[in-house]
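S.K.: just coords:
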């Protein structure tokens, strides 16, 4: 399936931290370093996410804020 | 001001496309290529965004979706 | 690719309405009737969305609000 | 009060799962099956959400991603 | 209907600016000044929003970013 | 850094409630009372958020829903 959210950053999972309901997924991407995605624990388990997995961070354009020094 | 949204990707504006109300900002980041941010035209004008500007794409963790092949 | 956003409603496009920057996509789903998705015009064109297409509305859990009478 | 977010799917709560801060609410809707909404525990308790409650899943159009096979 | 998104700021519409697909709604709230809400033109017209209307800005907690000097 | 999300409400932290992964930050603003922001625990700790801190609630326009009685 192709999706309309087309901002996609490839990386590797650095850490998976499970809470009671939420899960924090650290994704190491190229230069910027590390992105944190907050998804449901259920979803993290459903995808079987674990350290070292090759994953993508996908972001809808309406969610991106622009910062300028 | 420091903000709680700490996913930050530095890049350079490749294109600014103004609609009636919204503006699409293409930001060239390191490897992944180009991200598109959708912000208000007013905000794009307020920051004076133009091609070549050094900007950051800032994303709250709850907005990131994880994709896995 | 499997994604962490797993709320998925299948339907058929009823209308595509292009603005300068944004596009409004009406998706007819089973009973509830019609959902409206707002995506970039570029993304709508990239997926070649048109009336009659079978598509899915995908929603991250953090974006759903619960209403109760 | 009428609200501008008009994507509304009626259903019934199938499960309420409380974490320390967040709550996961499973809403059984017509055909698509089950949607998961992530709201604060406080909000879930404020609305008194429990299994069997008739509720609606409400979604702002800018939050919907379109998927196409 | 009561909703789980309980951050609510009452105010008065200062301006409605319609684009092709989107509408920008300026809401004058107490002290902070003016908030801008971006909703679909259709939704703005459906609610009949116009200057002087008493409205509320409603925000889901997951969407709020915290800034600290 | 200036950011494109320009809806900003100044206030004071009333409570910080840490979960395993998420943190709930209550921000007392002028008249409307109290807003709740949900951010990662990591981010709350990174900013050193505590009761009495002067902070701002920052909201992207696409995330605001308009309610009308």
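M.R.: Structure's in. What do you need? Treat the numbers as computed from the prediction; the structure is a model and nothing was measured.
S.K.: List the strands paired with the strand ranked longest in chain A, with their directions.
M.R.: Secondary structure of chain A per DSSP state E: the longest strand is strand A:7-18. Take DSSP bridges as the rule and strand A:7-18 pairs in its sheet with strand A:22-29 (antiparallel), strand A:54-59 (antiparallel).
S.K.: May I see those organised as JSON lines, with mean neighbour count and mean pLDDT added?
M.R.: For glycine as for every other residue, the C-beta is placed from the backbone atoms N, C-alpha and C. Formatted as JSON lines, the entries for these read as follows, by neighbours: other C-beta atoms under 10 Å in any protein chain shown; pLDDT from 0 to 100:
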{"stretch": "strand A:22-29", "mean neighbour count": "23", "mean pLDDT": "88"}
{"stretch": "strand A:54-59", "mean neighbour count": "22", "mean pLDDT": "90"}
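S.K.: need those strands in JSON lines with distance to residue C:38, can you?
M.R.: As requested, these are exported to JSON lines (distance: least, C-beta to C-beta, whole Å):
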{"stretch": "strand A:22-29", "distance to residue C:38": "26"}
{"stretch": "strand A:54-59", "distance to residue C:38": "15"}
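S.K.: mind listing what's buried in the longest strand of chain A?
M.R.: Applying a neighbour-count criterion of 16 or more other C-beta atoms under 10 Å in any protein chain shown, one finds A:7, A:8, A:9, A:11, A:13, A:14, A:16, A:17 buried in strand A:7-18.
S.K.: Do I have it right that the last one meets residue A:38?
M.R.: Read that as residue A:17. No. Using C-beta atoms under 8 Å, residue A:17 is not in contact with residue A:38, being 9.9 Å away.
S.K.: any residues in contact with both of the two?
M.R.: Residues touching both residue A:17 and residue A:38 by C-beta atoms under 8 Å, 6 or more residues apart in numbering or on different chains: A:23, A:24, A:25, F:21.
S.K.: Check the residues you listed against residue F:3 and report the nearest one.
M.R.: Proximity to residue F:3 was ranked across the shared contacts of residue A:17 and residue A:38 by C-beta to C-beta; first place goes to residue A:24, at 23.0 Å.
S.K.: ok, that closest one touching residue F:23?
M.R.: No. Between residue A:24 and residue F:23 there is no contact under C-beta under 8 Å: 11.4 Å.
S.K.: Verify the assumption that residue A:62 is located in a helix.
M.R.: Yes. Secondary structure assignment (DSSP: H, G, I helix; E, B strand; the rest coil) places residue A:62 inside a helix.
S.K.: who's in contact with residue A:25?
M.R.: Contacts here follow C-beta under 8 Å, 6+ apart; on that basis residue A:25 touches A:13, A:15, A:16, A:17, A:36, A:37, A:38, A:39, A:44, A:49, A:55, B:66.
S.K.: ok, 6 Å please
M.R.: Residues in contact with residue A:25, defined by C-beta atoms under 6 Å, 6 or more residues apart in numbering or on different chains, are A:16, A:37, A:49, B:66.
S.K.: Of all the residues in chain A, which one is nearest chain F?
M.R.: Checking chain A residue by residue against chain F with C-beta to the nearest C-beta singles out residue A:19 as nearest, at 3.3 Å.
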